[in-house]
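**Q** Following is a predicted model, sequence given first.
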Amino acid sequence: MNTGRRWQVVTTIHLFPGQGSQKVGMGSDLFDRFPDLEQEADDVLGYSIRELCLQDPGRHLDLTHYTQPALYVVNAMAYLARIEEDDRLPDFVAGHSLGEYNALLAAGAFDFLTGLRLVKKRGELMGRATGGGMAAVIGLTAEQVAAILEEQGLHTLDLANFNAPRQTVISGPTQDILAAKPHFLAGGAQTFWPLKVSAAFHSRYMLEAQTEFRTFLEQFSFTRPNLSVVANVTARPYEPDKTSHLLAEQLGKPVRWLQSMRYLLEQPEPRFFELGPGTVLSSLLSKIEQQR
């Protein structure tokens, strides 16, 4: 029977933040709700995840090998809290760099403990890398950033994160990052912002970590995701049986966040929910929507 009512299709999308979103106090409303996850995390990590996130007495939270497990745990709890409040599963999930592990967890590609072990190893490998850095170039398109790298002979630097139409992160040797600043400012960049990281993440300089992580991944079996997970590497949903390959590739390839969000914005009536500390991804999404 035709009642004349038109049903509106809404696409629900959950986003999980990555490194840079951490802050002392994150998860303060979550740990008491999920004591079993907290205990499991403590057992794997060998320290109190609650103490790290809520108090950080040793000032470790900004160190990569602590940051990544902490964000993974808090993001996971935020997702479970969301599902408890609204049991409708999302249509798509995506995460920025480390956050992609939470997207895969939400999609059932692995369980909480497996994901935590992966993230722990990933954080250790990335934290071990040294001698490099990253910087955000704001006010230029990725094409303009690439052109300046080429024109100025800055061949040691890679494009690492495509975050928004006019926000691109470059990665490479620290001294070369610093030397690039005047070229970008002269080329029209509004801001050149060195990031507080210990290495050149998402670049060719992560090859050693990438190789070791690929070997580590071989001991795990992954389930085919039951939700559409948009991959950082491809900006498209994961293909079957590609989880291990894409997670290894992600370490040394750029995060195509801009392209991922544009793909998701093309879905019918997209509704985005950022699950985790802060609003970094919501802010980027707003910029992307404004400059479509």
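**A** Yep, that arrived.

**Q** What average pLDDT does stretch 247-260 get?
**A** Averaging pLDDT along stretch 247-260 gives 98.

**Q** Stretch 48-65 too?
**A** 96.

**Q** mind checking the end-to-end distance for it?
**A** 14 Å (Cα to Cα, to the nearest Å).

**Q** in that stretch, what's buried?
**A** Residues 49-50, 52-54, 56, 61-62, 64-65 are the ones in stretch 48-65 that count as buried (16 or more other Cβ atoms under 10 Å). The C-beta positions use only the backbone N, C-alpha and C, and glycine is treated the same way.

**Q** if you look at those residues, which of them are in helices?
**A** Within these, residues falling in helices by DSSP state H are 49-50, 52-54, 64-65.

**Q** Can you give me the domain assignment for the protein?
**A** 11-129+204-290, 132-194 (automatic domain parsing).

**Q** Just give me how far the longest one sits from the chain centre.
**A** Distance, stretch centre to chain centre, for domain 11-129+204-290: 6 Å (Cα atoms, centre = their mean, to the nearest Å).

**Q** M206 against L251, yeah?
**A** Yes. Using Cβ atoms under 8 Å, M206 makes contact with L251 at a distance of 4.7 Å.

**Q** any residues in contact with both of those two?
**A** Listed as contacting both M206 and L251 by Cβ atoms under 8 Å, 6 or more residues apart in numbering are M126.

**Q** ok, back up a step: let me have the buried residues of stretch 48-65 in CSV, extended by distance to R166.
**A** Formatted as CSV, the buried residues of stretch 48-65 follow (distance: Cβ to Cβ, whole Å):
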residue, distance to R166
I49, 36
R50, 39
L52, 35
C53, 33
L54, 36
D56, 33
L61, 30
D62, 27
T64, 27
H65, 32
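
**Q** how about the strands in the stretch 151-292 of the chain?
**A** Secondary structure of the stretch 151-292 of the chain by DSSP state E, counting those that start in this stretch: the strands cover 158-164, 167-173, 191-194, 228-230, 270-274.

**Q** how about these in JSON lines, adding mean neighbour count and mean pLDDT?
**A** Below are the strands of the stretch 151-292 of the chain laid out as JSON lines (neighbours: other Cβ atoms under 10 Å; pLDDT from 0 to 100):
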{"stretch": "strand 158-164", "mean neighbour count": "23", "mean pLDDT": "98"}
{"stretch": "strand 167-173", "mean neighbour count": "25", "mean pLDDT": "98"}
{"stretch": "strand 191-194", "mean neighbour count": "15", "mean pLDDT": "96"}
{"stretch": "strand 228-230", "mean neighbour count": "22", "mean pLDDT": "98"}
{"stretch": "strand 270-274", "mean neighbour count": "17", "mean pLDDT": "98"}
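
**Q** To F184, which of those lies closest?
**A** With distances scored as Cβ to Cβ, the stretch of the strands of the stretch 151-292 of the chain nearest to F184 is strand 191-194 (5.0 Å).

**Q** and the closest one, how far from the chain's centre?
**A** In terms of Cα atoms, centre = their mean, the centre of strand 191-194 is found 20 Å from the chain centre.

**Q** F110 is nearest to which of the strands of the stretch 151-292 of the chain?
**A** Comparing these by Cβ to Cβ, strand 228-230 comes nearest, at 11.6 Å.

**Q** Which strands or helices does the closest one pack on?
**A** strand 92-95, helix 99-106, helix 257-265 (3 or more Cβ pairs under 8 Å, 6 or more residues apart in numbering; DSSP states H and E).

**Q** so where's the stretch 101-250 of the chain uncertain?
**A** Along the stretch 101-250 of the chain, no part satisfies pLDDT under 70.

**Q** right, and F201 touches A160 too?
**A** Yes. Using Cβ under 8 Å, F201 makes contact with A160 at a distance of 6.4 Å.

**Q** Overlap in contacts, those two.
**A** By Cβ under 8 Å, 6+ apart, the residues touching both F201 and A160 are 134, 171.

**Q** hmm, back to that, for F216, find the nearest of the strands of the stretch 151-292 of the chain.
**A** Closest approach to F216 among the strands of the stretch 151-292 of the chain (Cβ to Cβ): strand 228-230, 20.3 Å.

**Q** List of residues touching that closest one?
**A** 91-94, 100, 103-104, 107, 109, 236-238, 260, 263-264.
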